[in-house]
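Participant: pasting the sequence and the predicted model now:
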Amino acid sequence: MWERTLQDLIRGLRANKNDESKFIGQAMDEIRREIKSKDMELKAGAVMKLTYLDMLGYDMSWASFHIVEVMSSPKIHIKSVGYLGAVQSFSEDTDVLMLTTNLLKKDLSSNPADIAVTLNGVSSIMTADLARDLSPELVGMLNHSRPHIRKRAVAAMYRVFQKYPDALRHGIGRLQEKLEDSDPENPQDYLPLAPQLFHLLTTSSNNWMLIKIVKLFGSLSPHEPRLVKKLQPPITDLISTTSAISLLYECVHTCIIGNMLQGNTGDSLARTCVSKLAAFIEDPDQNLKYIALLAMVKIVPTHPHLVAEYQDTILSSVDDEDISIRMRALDLLSALVNRDNLQSIVQQVLSHLVKPESSAVPSAVQSLSQHIIPSAPAKSPGAPSQSTAYRLVLSQRIMTMCSQNTYDNVIDFEWYLSVLVDLAYVSNVDIGTQIRDQLVDVVGRVRAARSYAVKLMVKVLSDDTFLLHAGEQGSCSEVLWAAAWICGEYCGELSAPDELIPYLLQPEIASLRPDITAVCIQSATKLFGYWASEAAKQWTESFLEDLKNAVDIMIEQMEQFASSTQIEVQERAANVRQLLIFIKHDVAMYKPKQENGFSDPNAAAFDPVSEPSFPKSLYLIQPLFSSHELNPVASIAQASVPVPEGLDLDAWIVPSMQDRVTEEGDDGDVTERKVKRNKKGKDKESANRMKVKSGKKKQKEGHYQEELAPQEEETAEEKAERERLKAERLERMRDDPYYIMDDRSQKPPAADIDSIPVVRLDGPLPLPKEEPRLPGLRSSTSMRSTLPSFVVERGGEMPAGVIITPQSSTPVPSSRHQTPNLFDGTATPPPSLPSFQSYEVPDDELRTSTPEPIKVTRAKRKGTSTAKKKRTMKPEMKTGDEDTVVIH
């Protein structure tokens with residue numbers, strides 16, 4: 001018993017650090033004697049020590065033959081040592097590999113334990129010759145009855161295909177079948193072992209054994225709920241007392257996946273687990289940070305209030321050097337967000353996108369201190385956030401946190417609109433399309449936010465930052481699309497829309513993307529139409545010159561856009577230009593009216609007999625865009641449109657086309673006859689034009705005439721029916737705006753003079769109801785002292801006549817705020833948020849009080865309710881407010 005084991009070798013290396021080479025020399029002499037011994041146990045111990053020394057850089061290739069001897073042992077623990085040494089030291093140039101072919105084939109046909117060890121080793125020592133010789137056996141292993149053998153065989157086949165590609169012809173089919181292979185292992189089969197495992201859990205002190213047992217209980221607990229109560233006391237004791245980090249994490253992970261954190265007893269265990277994980281996050285070890293964040297994400301759905309207590313600790317990981325830790329921290333924040341902490345989390349995440357301001361020249365004191373006391377250069381706190389990929393993820397997470405569940409966590413939509421514009425300025429990544437969609441969606445769903453949105457978009461359009469950097473990567477110039485669309489669609493919120501038109505039609509707009517340019521042209525047209533209609537309501541003769549100048553300027557700008565190479569821009573500009581030319585001619589022909597005795601000019605304008613006091617073309621454009629209001633559409637609207645009774649979507653719209661297709665399918669000579677008929681006609685025209693009379697040509701024409709089918713004469717009834725159908729078709733085409741009719745060849749119908757009605761055709765156009773003109777926004781009727789009530793249209797519009805089947809809904813918990821405020825019950829005030837330069841929007845309205853309750857309007861569903869109890873309407877609630885929920 002004088003031999004040294006592997007443990008003795010490791011202890012000796014640690015004890016002889018000053019003279020390691022001498023100790024290694026003595027150990028190698030002992031290993032050479034032991035490995036030549038006939039005792040396989042002693043030989044295997046020597047191979048284990050050689051394997052360890054090989055990992056330290058010492059050569060063990062001289063012992064390759066002895067390793068093969070250990071591999072051939074019938075004992076599994078010795079054979080495993082031999083394959084471990086082979087994996088560590090063998091290469092393609094090892095000579096003894098040719099001696100292992102028969103040994104490997106023998107082991108592959110042995111018991112499952114030997115097969116598993118052999119497959120593990122073969123995957124690492126595979127050569128071209130071994131792949132050729134062992135491919136039949138490995139292909140057969142793919143159909144083994146044991147799942148773990150099949151898994152190892154699949155991994156080994158990958159190496160076979162690399163070294164011997166010809167094996168693909170025989171093994172690829174079997175390998176494809178394994179894609180649908182099911183693993184029949186079921187944890188329920190091991191439930192009878194629970195008493196023995198529990199005894200080991202409570203009596204063993206070996207940390208490695210406890211880790212394995214805890215993992216097993218994590219797989220068994222979901223299948224046996226009674227184990228949860230039994231395991232909670234010993235697991236809690238291990239978490240509180242153990243100093244082994246690996247065992248501590250496995251206990252926490254088992255509590256999460258084993259459903260041990262539920263119920264009253266689980267709350268105290270959950271608090272203990274969260275506190276331990278928070279300590280891991282503050283630990284300098286990056287691995288502990290990662291696994292702690294990963295585990296906390298799984299605790300948030302059941303105990304968000306416990307995780308919320310460590311919000312600042314989690315936020316500190318968002319700017320960590322390790323990208324994997326940053327991503328896990330973002331996942332945790334996304335799961336943690338709610339109505340109470342949304343603004344604080346978003347502002348702190350948004351601050352990571354702001355580039356730090358660094359001074360260009362260091363001061364004299366800083367330069368001297370660096371020379372006197374050398375130190376590592378200070379790292380900028382915002383450096384990790386400068387990665388383009390990470391900045392993109394940060395920007396997307398901000399919008400995801402705010403927009404989840406149709407903006408359920410957003411209380412102040414004016415704040416969210418400002419965040420979106422901030423994001424467009426500081427993100428420096430290609431996130432403009434998502435910001436554009438969010439802006440349009442918020443303004444369309446929340447009516448109370450439209451006034452502020454229009455003012456904010458005016459600031460965006462008047463700022464040339466996006467316009468100057470439109471061609472650069474990450475410029476977010478798509479925000480201009482949303483700004484132009486919002487200002488044009490809700491131009492009624494503006495008091496001076498004519499001042500915004502020059503920003504929409506400036507020459508630099510033509511250099512933007514075609515879709516942005518087209519929207520700017522369309523929005524400028526809307527603004528002009530609204531401004532002209534407002535001028536008509538308050539018309540005075542002093543407006544005439546301003547109107548002429550505005551029309552001339554817009555025509556000139558539209559002429560520039562009409563020469564664009566983009567068809568969408570060109571078509572819109574050309575259409576608007578024609579409308580403006582019509583208005584210009586009408587304004588030029590306008591003559592101021594004399595006083596007609598009316599004291600009220602508006603009364604004179606609505607007089608059905610007198611002429612209006614303004615050019616009638618001022619109302620030409622505005623009705624084109626104000627007929628219908630654009631509202632959000634429900635996601636199931638299109639699928640809910642009922643099919644009209646009697647409509648067969650599979651039937652032919654034109655029955656004659658069906659007959660023609662059937663005829664051409666049955667008789668293949670129809671097309672050929674048409675071609676010959678065309679040839680005949682072409683020959684006739686050529687003969688008549690050249691005046692050539694030839695007997696051969698006449699004979700050819702006669703031959704063609706014999707091939708043509710005889711034409712049946714059309715009866716009078718069929719001719720009348722054909723004429724009637726043609727007249728109906730032409731009448732439909734005449735009303736079709738997408739079909740151009742050519743009436744030049746048609747004879748004009750006889751005019752019936754007596755049927756022409758005698759009416760007055762030059763009367764005034766109907767005018768909309770007059771509204772008071774305000775200096776600011778039209779919706780701001782008074783000084784706002786409280787937060788407006790934002791009502792989010794979540795459901796959207798549904799088509800008329802839709803019958804929706806009522807669905808049973810799950811009961812909503814009484815409390816929506818699962819996560820309490822982080823600062824409730826604390827004496828210290830909340831941390832200050834990073835400051836951003838606020839947008840100076842011209843608005844005199846200030847908030848001076850706390851926000852009012854937010855109304856969330858849900859989509860109304862038709863149909864009878866299946867609930868037995870009907871909700872009683874309160875007396876003060878108006879009819880139609882049944883689906884409005886007030887959230888405090």
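Facilitator: That came through fine. Note that the structure is predicted; figures quoted are calculated from it, not measured.

Participant: contacting residues around stretch 83-100?
Facilitator: Stretch 83-100 is contacted by residues 47-48, 50-51, 54-55, 60-61, 63-65, 67-68, 70-71, 117-118, 120-121, 124-125, 127, 129-130 when judged by CB atoms under 8 Å, 6 or more residues apart in numbering. (C-beta placed from N, C-alpha, C; glycine too.)

Participant: is it true that Ile323 touches Tyr390?
Facilitator: Yes. At 6.5 Å, Ile323 counts as touching Tyr390 under the criterion of CB atoms under 8 Å.

Participant: quick one, which of those two is more surrounded?
Facilitator: Shown here are Ile323 and Tyr390; by other CB atoms under 10 Å, Tyr390 has more neighbours (20 against 13).

Participant: element containing the more buried one, please.
Facilitator: Using DSSP states H and E, Tyr390 maps to helix 388-407.

Participant: tell me the first helix or strand C-terminal of the helix or strand containing Asn264.
Facilitator: Per DSSP H and E, Asn264 falls inside helix 263-282. Moving toward the C-terminus from helix 263-282, the next helix or strand (DSSP H and E) is helix 286-299.

Participant: what sits up against that next one?
Facilitator: Taking CB under 8 Å, 6+ apart as the rule, helix 286-299 contacts 245, 249, 252-253, 256-257, 261, 270, 273-274, 277-278, 280-281, 283, 306-307, 314, 317, 320, 322, 324-325, 328-329, 331-332, 335.

Participant: what do you get if the cut-off is 6 Å, keeping everything else the same?
Facilitator: 249, 252, 256, 277, 280-281, 307, 322, 324-325, 328-329, 331-332, 335 (CB atoms under 6 Å, 6 or more residues apart in numbering).

Participant: from these, list just the buried residues.
Facilitator: Among those, those classed as buried by 16 or more other CB atoms under 10 Å are 249, 252, 256, 277, 280-281, 307, 325, 328-329, 331-332, 335.

Participant: if we can go back for a sec, of the contacts of helix 286-299, which belong to helices?
Facilitator: Within the contacts of helix 286-299, residues falling in helices by DSSP state H are 249, 252, 256, 277, 280-281, 307, 324-325, 328-329, 331-332, 335.

Participant: mind putting these in JSON lines, distance to Ala292 and pLDDT included?
Facilitator: Shown next, in JSON lines, are these (distance: CB to CB, whole Å; pLDDT from 0 to 100):
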{"residue": "Tyr249", "distance to Ala292": "8", "pLDDT": "90"}
{"residue": "Val252", "distance to Ala292": "9", "pLDDT": "91"}
{"residue": "Ile256", "distance to Ala292": "12", "pLDDT": "89"}
{"residue": "Leu277", "distance to Ala292": "4", "pLDDT": "91"}
{"residue": "Phe280", "distance to Ala292": "3", "pLDDT": "90"}
{"residue": "Ile281", "distance to Ala292": "5", "pLDDT": "90"}
{"residue": "Val307", "distance to Ala292": "11", "pLDDT": "90"}
{"residue": "Ser324", "distance to Ala292": "13", "pLDDT": "88"}
{"residue": "Ile325", "distance to Ala292": "10", "pLDDT": "90"}
{"residue": "Arg328", "distance to Ala292": "9", "pLDDT": "90"}
{"residue": "Ala329", "distance to Ala292": "10", "pLDDT": "90"}
{"residue": "Asp331", "distance to Ala292": "13", "pLDDT": "89"}
{"residue": "Leu332", "distance to Ala292": "10", "pLDDT": "90"}
{"residue": "Ala335", "distance to Ala292": "14", "pLDDT": "89"}
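
Participant: okay, and for the stretch 51-200 of the chain, where does confidence drop off?
Facilitator: 183-185 (pLDDT under 70).

Participant: kindly report the same for the chain.
Facilitator: Scanning the chain for pLDDT under 70 picks out 1-3, 183-185, 356-385, 593-611, 656-712, 735-787, 801-888.

Participant: circling back: buried only: go through the contacts of stretch 83-100 for me.
Facilitator: Of the contacts of stretch 83-100, these count as buried by 16+ other CB under 10 Å: 47-48, 50-51, 54, 60, 63-64, 67-68, 70-71, 117-118, 120-121, 125, 127, 130.

Participant: now for Ala332: which residues touch it?
Facilitator: Wrong residue type there; residue 332 is Leu, not Ala. So Leu332 contacts Leu293, Met296, Val297, Ile314 (CB under 6 Å, 6+ apart).

Participant: any chance of the residues you listed in CSV, plus distance to Gly25?
Facilitator: Output for the contacts of Leu332, formatted as CSV (distance: CB to CB, whole Å):
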residue, distance to Gly25
Leu293, 48
Met296, 52
Val297, 53
Ile314, 53
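
Participant: what's the helix holding Tyr390 packed up against?
Facilitator: Contacts defined by 3 or more CB pairs under 6 Å, 6 or more residues apart in numbering; DSSP states H and E place helix 388-407 against helix 323-336.

Participant: run the angle between the helix it packs on and helix 286-299 for me.
Facilitator: Calculated by axes from the mean of the first three to the mean of the last three CA atoms, to 10 degrees, helix 323-336 forms an angle of 20 degrees with helix 286-299.

Participant: what angle separates helix 323-336 from helix 388-407?
Facilitator: Orientation check (the same axes, to 10 degrees): helix 323-336 against helix 388-407 gives 10 degrees.

Participant: run the chain-centre distance for helix 323-336.
Facilitator: Offset of helix 323-336 from its chain centre (CA atoms, centre = their mean, to the nearest Å): 17 Å.

Participant: okay, the angle between that helix and helix 263-282?
Facilitator: 150 degrees.

Participant: next SSE after helix 323-336?
Facilitator: Using DSSP H and E, the helix or strand that follows helix 323-336 towards the C-terminus is helix 342-351.

Participant: so that following helix versus helix 323-336, what angle?
Facilitator: Using the same axes, to 10 degrees: helix 342-351 against helix 323-336 is 160 degrees.

Participant: my read: Ala482 touches Val440, true?
Facilitator: Yes. The criterion here is CB atoms under 6 Å, and Ala482 meets it with Val440 at 5.4 Å.

Participant: who has more neighbours, the two?
Facilitator: The residue with more neighbours, out of Ala482 and Val440, is Ala482; 28 against 17, by other CB under 10 Å.

Participant: ok but the more buried one is inside a strand, no?
Facilitator: No. Ala482: not assigned to a strand; according to DSSP: H, G, I helix; E, B strand; the rest coil it is helix.

Participant: for it, give me its contacts.
Facilitator: Arg436, Leu439, Val440.

Participant: redo that, cut-off 8 Å
Facilitator: Ile435, Arg436, Leu439, Val440, Met457.

Participant: and what of Ser73?
Facilitator: Ser73 neighbours (CB under 8 Å, 6+ apart): Met40, Ala44, Lys79, Gly82.

Participant: kindly recompute the last result at 10 Å.
Facilitator: Contacts for Ser73 (CB atoms under 10 Å, 6 or more residues apart in numbering) come out as Met40, Glu41, Lys43, Ala44, Lys79, Ser80, Val81, Gly82.

Participant: out of the buried ones among the contacts of stretch 83-100, name the ones that lie in helices.
Facilitator: Taking DSSP H, the ones among these that sit in helices are 47-48, 50-51, 54, 64, 67-68, 70-71, 117-118, 120-121, 125, 130.
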